[in-house]
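A.B. asks: Provided below are the primary sequence and the corresponding predicted coordinates.
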Amino acid sequence: MNNIITKLPLVIFVILVASLFIFLKNDNQELNSVLIDKEFPEFNLSSLDKSKVLSKNDLEDLPFIINVWATWCITCRVEHPFLMQLKNNPDITVYGINYKDDRREALNLLDRTGNPFKFSIFDPEGRLAIDLGVYGAPETFLIGKDGLIKVRHTGALTPEVWEEKFTNYID
């Protein structure tokens, strides 16, 4: 009996470590979204450049992607060159949501690295992001020709991810 009591903490520790390993191994950047096949949420927020107040009606070019990004997001900088390539794709429009960020820093970053977005929605408190179920940046949504959300991807948007998840909804 004494032997079991002395080994119990070790057994519990091994179970906890194994559970953590399994949990982390299964994190594949997939998040189910209740918004799939639903309309993009309504919003009224300023454009990043303060040129106008934007609403859902300003997202007019179907299909389109909307990318949630911020200057503090390192992974956003990794995906930026691919977003710049997508900007030149005539079959898709790229919009941005600048998420919980400093407006001046965001504008400066786009000036230095290029602006892949037709426009960026400035969401300093994350209100639109909450409506989309965003929990961080980057996240990318594809809105199909029918105006419904078709894809939600968390993490960097890469050519491989684009090919695997997005291209079926473009043509």
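C.D. replies: Structure's in. What do you need? Numbering: from 1, shown residues only.
A.B. asks: What's opposite the most centrally placed residue in the chain in the beta bridge?
C.D. replies: In the chain, the residue lying closest to the centroid (CA atoms, centre = their mean) is Glu139, at 0.6 Å. Legend: beta-bridge partners of Glu139 under DSSP bridges are Val68, Thr154.
A.B. asks: Am I right that it is in contact with His153?
C.D. replies: Yes: counting by CB atoms under 8 Å, Glu139 touches His153, with 6.8 Å between them. Where you see a C-beta, it was placed from the backbone N, CA and C, and this is true even at glycine.
A.B. asks: all helices for the protein, in order.
C.D. replies: 2-25, 74-87, 103-113, 127-132, 159-161 (DSSP state H).
A.B. asks: helices and strands around the shortest one, which ones?
C.D. replies: On a contact count with 3 or more CB pairs under 8 Å, 6 or more residues apart in numbering; DSSP states H and E, helix 159-161 meets no helix or strand.
A.B. asks: what bits of the protein have low per-residue confidence?
C.D. replies: 1-2, 4, 8, 10-14, 16-32 (pLDDT under 70).
A.B. asks: returning to that earlier point: quick one, what contacts the residue nearest to the centre of the chain?
C.D. replies: If you count contacts by CB atoms under 8 Å, 6 or more residues apart in numbering, Glu139 has them with 67-68, 132, 152-155.
A.B. asks: just Ile130 next, same as before
C.D. replies: Applying CB under 8 Å, 6+ apart, no residues qualify as near Ile130.
A.B. asks: Check the one 10 residues further on too.
C.D. replies: Counting by CB under 8 Å, 6+ apart, Thr140 touches 65-68, 151-153, 157.
A.B. asks: May I see the residues you listed organised as JSON lines, with neighbour count added?
C.D. replies: Below are these laid out as JSON lines (neighbours: other CB atoms under 10 Å):
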{"residue": "Ile65", "neighbour count": "25"}
{"residue": "Ile66", "neighbour count": "22"}
{"residue": "Asn67", "neighbour count": "25"}
{"residue": "Val68", "neighbour count": "26"}
{"residue": "Val151", "neighbour count": "18"}
{"residue": "Arg152", "neighbour count": "19"}
{"residue": "His153", "neighbour count": "22"}
{"residue": "Leu157", "neighbour count": "25"}
